[in-house]
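Novice: here is the input, now give the coordinates:
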Amino acid sequence: MSLTEPPARRAVRTAPLIVTALCAGAFALLAVLVTGRGGAPFPLDTDALDWSLGHRSSPAGVTAARAVTASGTGPYPYLCAVVAGLLAGRDPRHRLMAAAGALVFLLAGQAARYGLLAAVARPRPPMADWLTHASGFAFPSGHATTSALAAGLLIWGLVRFGHSAHPGRGSRVIPKWLRRALIALLVCWAVAVGLSRIYLGVHWATDVVGGWLYAATWLGLGASFVPARSHFPAGAAPVSTRRIRRRNDR
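Specialist: Alright, predicted model coming up:
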C-alpha cells in the first residue's frame, strides 16, 4: 500500500480486512466455546428452542418457515451466485468469468464449511423437535451460511451493476433507492432462512450465529482480494493515477 495513497482509497482497502478479522475472531471464539462444551447447548440455545416449540400452533406459520428454509439450499444459492456474476460483469466475456468466479467462490466456501462441521461435530437438537428434514452435524448451520453467502454475492453483483459503466446504458442503470431496497430484501432473506432453522427445531441458535459469522468471514476474504480497479467504473482510473499520467505527459 502506497504511503501517498488517498485516505478514502486506503479506507476502502483496509475496511474489509478489519471487518473480516473481527468476524473471523468471533467465529473462532464461538467454535472453541461450542467444542469446549462438547456441543452441549448454551442457555440461549435452549431458550430459543423452547420459544419455537411454544409458537408452532399455526400451520400457516410452519408452512411459511419450511418454504423459507427450502430457499436456502438446493440449486437456489448456486443460481444466485451465477446471477451475481452476470450482474457484476462489464461485457459478455467478463460476465461469464465473473459468474464462474462467484460459483467457485461459493463452492469453496461450502467445502471449507464441511470441514468445520466434521471438526466441531456438534449434535443437532433432539429429533423429536424437528419439523423438517435435516442431516449431518449442526455447527455452523449450512442453510444460514449458504443463504448469507448467496445474499452477499448478489449484493456485490448489484453494487457492481449499479456503478459500472455499461456501453449505451449510462453509469447507473439501477436507481439508488431500488438498489438499497433490493439489498435490504436480500439481508432480510438471509436472516429469515437462519431463523427458520431455529423455528423448525433443526439447529441451535448458536449454529445459526456461527453460520452468519462464517459467511461474513468468507465474504470479507473475497472482498479483501478484489482488485483495486474494481472500485472504479470500467475504463476509469483513480484520480491519483490520472494526476500521475498528466504529469508524465508534460
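Novice: centroid residue for the chain?
Specialist: Taking C-alpha atoms, centre = their mean as the criterion, L149 is the residue nearest the geometric centre of the chain, at 2.9 Å.
Novice: chain neighbours aside, what residue packs nearest to it?
Specialist: If the residues on either side of it in the chain are set aside, L149 comes closest to A215, at 4.9 Å by C-beta to C-beta, 6 or more residues apart in numbering. Placement of C-beta: from N, CA and C, glycine included.
Novice: tell me how many other residues crowd that neighbour.
Specialist: 27 (other C-beta atoms under 10 Å).
Novice: that older thread, identify the residues contacting the residue nearest to the centre of the chain.
Specialist: L149 is in contact with P77, A81, L106, G109, A215, W218, L219, counting by C-beta atoms under 8 Å, 6 or more residues apart in numbering.
Novice: between those, which is nearest L185?
Specialist: For those, the residue nearest L185 by C-beta to C-beta is P77; the value is 15.7 Å.
Novice: tell me the confidence at the residue nearest to L149?
Specialist: Looking at A215, its pLDDT reads 97.
Novice: was I right about it contacting G152?
Specialist: Yes: A215 is in contact with G152 according to C-beta atoms under 8 Å; the separation is 6.6 Å.
Novice: can you list residues touching both of these two?
Specialist: Listed as contacting both A215 and G152 by C-beta under 8 Å, 6+ apart are A190.
Novice: relative to G109, how far out is P75?
Specialist: Distance check for P75 against G109: by C-beta to C-beta, to the nearest Å, it reads 16 Å.
Novice: ok, now L53?
Specialist: Using C-beta to C-beta, one gets 32 Å for the distance from L53 to G109.
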